[in-house]
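J.: Kindly return the folded structure for what I paste below:
(chains A and B)
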Protein chains: 2
Amino acid sequence: MIPAFSNRINQEPTSLDALFRLSGRADLISFAGGYPDPTLFPKKELNVAFESRIKNASAEIFQYRSTLGYEPLRKKISNYAKTIGVSCETDNIMLTQGAQQGIKLLASLFLDDFDGVVVEAPTYVGGLEAFNEHKPTYYEIPMEKDGMNLDILEDTLDKNEVKLIYTIPNFQNPTGYCMSIEKRKRLAKLASEYNVIVIEDDPYRELRYVGESLPSIKSFDISENVVTLGSFSKILSPALRCGWLIGAKEIVNQLSSLRLSYDCQSSNVLLEGIDEYLEQNDIGKHIQKLRIAYKQKMDTMIRGLADNLPSECSFSKPKGGFFLWVTLPKELDAKELLNNTKKVTFLEGSSLFALSKENNHLRLNFTGITEKQIIEGCNDLGNTIKDALLELAV
Amino acid sequence: MIPAFSNRINQEPTSLDALFRLSGRADLISFAGGYPDPTLFPKKELNVAFESRIKNASAEIFQYRSTLGYEPLRKKISNYAKTIGVSCETDNIMLTQGAQQGIKLLASLFLDDFDGVVVEAPTYVGGLEAFNEHKPTYYEIPMEKDGMNLDILEDTLDKNEVKLIYTIPNFQNPTGYCMSIEKRKRLAKLASEYNVIVIEDDPYRELRYVGESLPSIKSFDISENVVTLGSFSKILSPALRCGWLIGAKEIVNQLSSLRLSYDCQSSNVLLEGIDEYLEQNDIGKHIQKLRIAYKQKMDTMIRGLADNLPSECSFSKPKGGFFLWVTLPKELDAKELLNNTKKVTFLEGSSLFALSKENNHLRLNFTGITEKQIIEGCNDLGNTIKDALLELAV
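T.: Next up, the predicted model:
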């Protein structure tokens, strides 16, 4: 007999499970995932980069390396950091197995059981699952079109002990909203005043399709309380499993020790291959190509929803990122809707709330599918919602 | 101000830190690390494999994939499993970010704070660090030349609640000892009787230089209590960060959910590259080459120690693996010795004991350095020990 799992383990299949499962079904139009468009991966350029780097490198490319990751690539990240208003050295940077690992390691570094954690409502489910293992005391802060409500945050910090604030400032997953520059400044100030760590999870920053980029929250960091996370997953390829984490050396040092027991280090071959890709190519040009293609898909989805959703529904109109957020009339349950669609699948929103579990929202992804699928899917979704409303009226 | 780290975090630099740091210093002869010989990496073959697989695959090679990892590679692992006496399906297998991640995930799946964990004394420090985050109640079982003492283990299981038993049955890190076939059988039986999970950590199995391989502990598994871990790190390249875990589907399913919050999944590019390498090459032939080269290094180190260590010292004479284990007279402290050597560095053994912290042992690696360095290093080590003994005698 197998002994009992830890009490920390939720034995129900998680939303992330469902998400990956739904995303892989070829017979469905999946608005559920958060996948990039595979036809946009620079497959040939990446192959050339890996092939030439392995050929020209010494055999040490296949050896164990430093826990922080290949230094020349960290140097490139430190140069990139300047463009988001952050001045840092390579020792402030750890290359991680996707940004997800950064969240997990920070949760593990700072959280004891029942510690206070602030999250946006709604938020990224992978963030919640990284925190859940530490049985946190959650405080939900409502999302607004210009980022989380900081008056409520300040009140929360005033009345409770909070260790971490988790936020996605750009094209938030799932709402698509961006935090305003004023809120970024004030959030950094609050973190410093209340000695709280801000995890700034920023994988979508470069995927802005309209308007100008805003400085990172980290750029307003007063006393090294902000740790910012980035990733190559959405701008290059998720299968490279390469993200980064920029924070105080004291934090990065501890994470580096902690990481040894998790998985030792990232794959040096992958890190050198990415480094070579960046040497040989202008990633800015590649990202510009992604922006054009994804903007078109986003616009198609916005039009598709405007044309098909009944007027009782509302949805966000983001300026970048991967997702739209649909709000149904309160009488409808997104989970039930999911059972009644014919072709389209989506992420129902209740699992994206730490506490309030609002059940009348849908997260829709537009990057991983074709425009034809977007149009068809919006049609199916609209019909299903209309049917559900009719049924209510009967 | 940065808030306090979790109480679980040991803020002292860990032994793994020291190990990686010492291993990287070019001015020293390092017996400290656990690195393969980089000149033996099949660099050209791996480059051809990656290049041709990326070229011939669809763009999906750079996309997110399943959490368990590329199925054709899991199929190959399930075929390999037969050679160690294990019959399993691909759903019993998860590809991990090195075997280290397997240990970490299992610790996280099963351990609540203060749960009982049995470890060999001495054991692998990365195992201890994976368990430490859960503040385990450790039970140390002394290592013998044919594996841990199972009478003491049985007595321990009888008197205490134990959740996990962690063992390295082949060419144990750090002693180099192998568990006998009788002990393997009895351990599997005890695990079943007492409902305890056995983590069979087996990265050195294929690196046997003398004699015949023994069936895995998992091959004697009665009620799915044994989870066995393997890795490409020592037989192909550690920079591929690819290990595997074979266990009950119930366990693998839960680990798969848990993994999503850790790092989502392994790099599909790496997994497909390894798969292609295995398609194009006979890894058995490659391993045979490693065995010949490493046996020669091991024999050189055994001779070097025999020629240079004073008779008050003893050391293990393994039949495979990466390490020799030296025991000094009780009056000598391995840590002090480390400060007095001129050229050679090693892993002092006290950190490899969960509880007893015996301070008169050294772990020596012979794979990552040249024979010339082995001879020089043994000479330096011998002289340092002789000097220390002389000083004691004065």
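J.: which residues sit against stretch A:247-255?
T.: Here stretch A:247-255 makes contact (Cβ atoms under 8 Å, 6 or more residues apart in numbering or on different chains) with A:68, A:91-94, A:105-106, A:109, A:224, A:226-228, A:245, B:2, B:5, B:9, B:11. Quick note: C-beta positions are derived from backbone N, CA and C, even for glycine.
J.: In helices only, show me those.
T.: Among the contacts of stretch A:247-255, the ones falling in helices (DSSP state H) are A:105-106, A:109.
J.: hang on, the earlier thing: quick one, which of the contacts of stretch A:247-255 are buried?
T.: The neighbour-count test (16 or more other Cβ atoms under 10 Å in any protein chain shown) applied to these identifies A:68, A:92-94, A:105-106, A:109, A:224, A:226-228, A:245, B:2, B:5, B:9 as buried.
J.: Now do the same for A:L22: its pLDDT.
T.: As summarised for this prediction, A:L22 has a pLDDT of 60.
J.: where does the closest residue to A:E279 other than its chain neighbours land on pLDDT?
T.: Of all residues not flanking A:E279 in the chain, A:A49 sits nearest, at 7.8 Å (Cβ to Cβ, 6 or more residues apart in numbering or on different chains). With respect to pLDDT, A:A49 scores 98.
J.: which strand is the longest one in chain A?
T.: In chain A, assigned by DSSP state E, the strand with the most residues is strand A:137-144.
J.: Please save the CA atoms from it in CSV.
T.: Extracted C-alpha coordinates of strand A:137-144, given in CSV (Å, rounded to 0.1, in the frame of the first residue of the first chain):
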residue,chain,number,x,y,z
THR,A,137,-3.6,33.1,3.9
TYR,A,138,-4.8,34.8,0.7
TYR,A,139,-5.9,38.4,0.3
GLU,A,140,-7.7,39.1,-3.0
ILE,A,141,-7.4,42.5,-4.5
PRO,A,142,-10.0,43.3,-7.2
MET,A,143,-8.5,43.9,-10.7
GLU,A,144,-9.4,47.2,-12.4
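J.: So which elements touch the helix ranked longest in chain A?
T.: Under DSSP H, the helix in chain A containing the largest number of residues is helix A:283-308. If contacts are counted by 3 or more Cβ pairs under 8 Å, 6 or more residues apart in numbering or on different chains; DSSP states H and E, helix A:283-308 sits against strand A:323-327, helix A:371-393.
J.: Quick check: which of these is buried the most?
T.: Of all these, strand A:323-327 has the most neighbours on average by mean count of other Cβ atoms under 10 Å in any protein chain shown, namely a mean of 22.
J.: what's that one packed up against?
T.: Using 3+ Cβ pairs under 8 Å, 6+ apart, strand A:323-327 sits against helix A:283-308, strand A:314-315, strand A:361-365.
J.: what pLDDT, on average, does stretch A:289-303 get?
T.: So the average pLDDT for stretch A:289-303 ends up being 98.
J.: Need the contact partners of it.
T.: Against stretch A:289-303 from outside (Cβ under 8 Å, 6+ apart): A:36-37, A:40, A:207-210, A:235, A:315, A:317-318, A:320, A:322, A:324, A:364, A:366-367, A:369, A:371, A:374-375, A:378.
J.: ditto for stretch A:44-52
T.: Stretch A:44-52 is touched from outside by A:236-237, A:269, A:273-274, A:276-277, A:279-281, B:47, B:50-51, B:54-55, B:62, with contacts defined as Cβ under 8 Å, 6+ apart.
J.: the helices in chain A, which residues?
T.: According to DSSP H, the helices that chain A contains are A:15-23, A:43-56, A:71-83, A:98-110, A:125-132, A:150-159, A:181-193, A:249-262, A:268-280, A:283-308, A:334-340, A:371-393.
J.: Show me which residues of the stretch 201-350 of chain A are close to chain B?
T.: Counting by Cβ under 8 Å from any Cβ of the partner chain, the stretch 201-350 of chain A comes close to chain B at A:223-225, A:237-241, A:248, A:250-251, A:254, A:256-258, A:260-270.
J.: Which members of these are classed as buried?
T.: Among these, the ones that count as buried by 16+ other Cβ under 10 Å are A:224-225, A:237-241, A:248, A:251, A:254, A:256-258, A:260-270.
J.: measure A:S311 to A:P318 for me?
T.: Going from A:S311 to A:P318 by Cβ to Cβ, to the nearest Å gives 21 Å.
J.: between the two, who's got more neighbours?
T.: Comparing A:S311 with A:P318 by other Cβ atoms under 10 Å in any protein chain shown, the one with more neighbours is A:P318, at 26 against 6.
J.: low pLDDT regions in chain A?
T.: Across chain A, the ranges flagged by pLDDT under 70 are A:11-26.
J.: Domain-wise, how is it divided?
T.: According to automatic domain parsing, chain A comprises the domains A:15-42+A:284-393, A:43-280.
J.: hey, which of these is tucked in deepest?
T.: Among those, ranked by average contacts under mean count of other Cβ under 10 Å, first place goes to domain A:43-280 (a mean of 21).
J.: Quick one: end-to-end length of it, please.
T.: Start-to-end span of domain A:43-280 (Cα to Cα, to the nearest Å) is 14 Å.
J.: Can you give the distance from that domain to the centre of its chain?
T.: Offset of domain A:43-280 from its chain centre (Cα atoms, centre = their mean, to the nearest Å): 9 Å.
J.: Equivalent analysis for stretch A:38-53, please.
T.: 24 Å.
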